[in-house]
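Engineer: Kindly generate the corresponding structure for this input.
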Amino acid sequence: MRDLTFFDQVDHLEKECRGRTLTLPVFYYDVTAIMAAFLTPLARVRALLPSPRMKPLRATPWHAVTVVACFEYRDSDAGPYNEVAISFPFTLDTSAPVLTGLLGEIRRGPLAYVYKLPVTTEIAYQFGVDFYNYPKFLASIDFTGEDGWIRCRLAEGGRHILTLSARRLPVQPAPRWRFHGITTRANRILRSEVLVNVGAQAMSRNPGNIRLDLGDHALGRELRHLNLGRMVHSQYLPKCQTILSGVVESYDMHG
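Structural biologist: This next block holds a predicted model:
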């Protein structure tokens with residue numbers, strides 16, 4: 001039985017996607033999520049951001065962060081599917097202070113340039129590309145749990161890309177949270193918003209609570225080349241709900 005309280009009074013608007021009618025915003029009724037931010041050399045992140053207006057959030061004077069986030073969508077307007085996001089948090093035009101800026105933006109809800117976004121179903125791929133120009137591709141994404149850990153394994157064509165594992169820490173009640181998915185199209189920076197009904201979560205800055213294993217797939221090798229370092233922030237949301245807006249704002253890529 002769906003709990004619809006979080007979605008009450010939020011209007012759904014119908015939108016066509018390749019012969020199928022979907023609704024915006026997209027409602028996700030039953031979700032598990034694990035997210036982890038890893039130190040990454042600043043120059044390597046800057047090289048992957050498509051606009052000079054994007055200023056990477058810095059954990060140290062020499063490091064930005066790469067976020068790996070895994071989502072198990074058991075029930076949504078687009079049906080059940082899984083997703084892995086690889087993104088780089090940033091601020092627009094003005095750099096945030098080192099470390100305090102990073103932690104403050106995480107609390108408030110960061111802008112995150114979505115670099116890769118593999119998904120497990122064709123409809124999730126189609127609406128993500130058509131509506132947002134998300135960099136999606138079809139992949140296998142499997143969640144498992146054992147020995148006090150939850151694991152998400154990402155692969156394509158039988159080749160392992162990554163496995164993110166998070167220790168199942170005790171959760172605490174948490175308020176709503178939001179973050180902003182950033183893509184580009186036609187020389188514009190596009191912003192959409194994800195509002196999260198967290199319910200309860202575990203947060204940690206202890207690297208011992210997260211494991212990231214990279215495979216021999218081309219994307220796994222690319223992530224290895226980024227030289228991902230120590231985990232500096234993680235979140236585990238065992239059961240949450242989310243609302244994904246359409247594109248709500250755009251900016252010129254060059255100011």
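
Engineer: and residue 181, what are its bridge partners?
Structural biologist: For residue 181, the residues forming beta bridges with it (DSSP bridges) are residue 112, residue 192.

Engineer: next one: residue 204
Structural biologist: Beta-bridge partners recorded for residue 204 (DSSP bridges): residue 234.

Engineer: For it, give me the pLDDT.
Structural biologist: In this model, residue 204 is scored at 97, pLDDT.

Engineer: neighbours around it, how many?
Structural biologist: For residue 204, the neighbour count with other CB atoms under 10 Å is 17. All C-beta spots, glycine's among them, are computed from the backbone N, C-alpha and C.

Engineer: Against residue 71, how distant is it?
Structural biologist: Distance, residue 204 to residue 71, using CB to CB, to the nearest Å: 19 Å.

Engineer: again, but for residue 216
Structural biologist: 24 Å.

Engineer: Of those two, which one has the most company?
Structural biologist: residue 71 (24 against 10).

Engineer: Just the strands from the stretch 151-255 of the chain, written as ranges.
Structural biologist: For the stretch 151-255 of the chain, the strands defined by DSSP state E, counting those that start in this stretch cover 159-167, 172-174, 177-185, 188-197, 199-204, 210-214, 231-252.

Engineer: Just the mean pLDDT for the first one, thanks.
Structural biologist: Read it as strand 159-167. Rounded mean pLDDT across strand 159-167 is 98.

Engineer: Tell me the strands beside it, with direction?
Structural biologist: Using DSSP bridges, the strands paired with strand 159-167 are strand 149-156 (antiparallel), strand 210-214 (antiparallel).

Engineer: Right, I'll leave it there.
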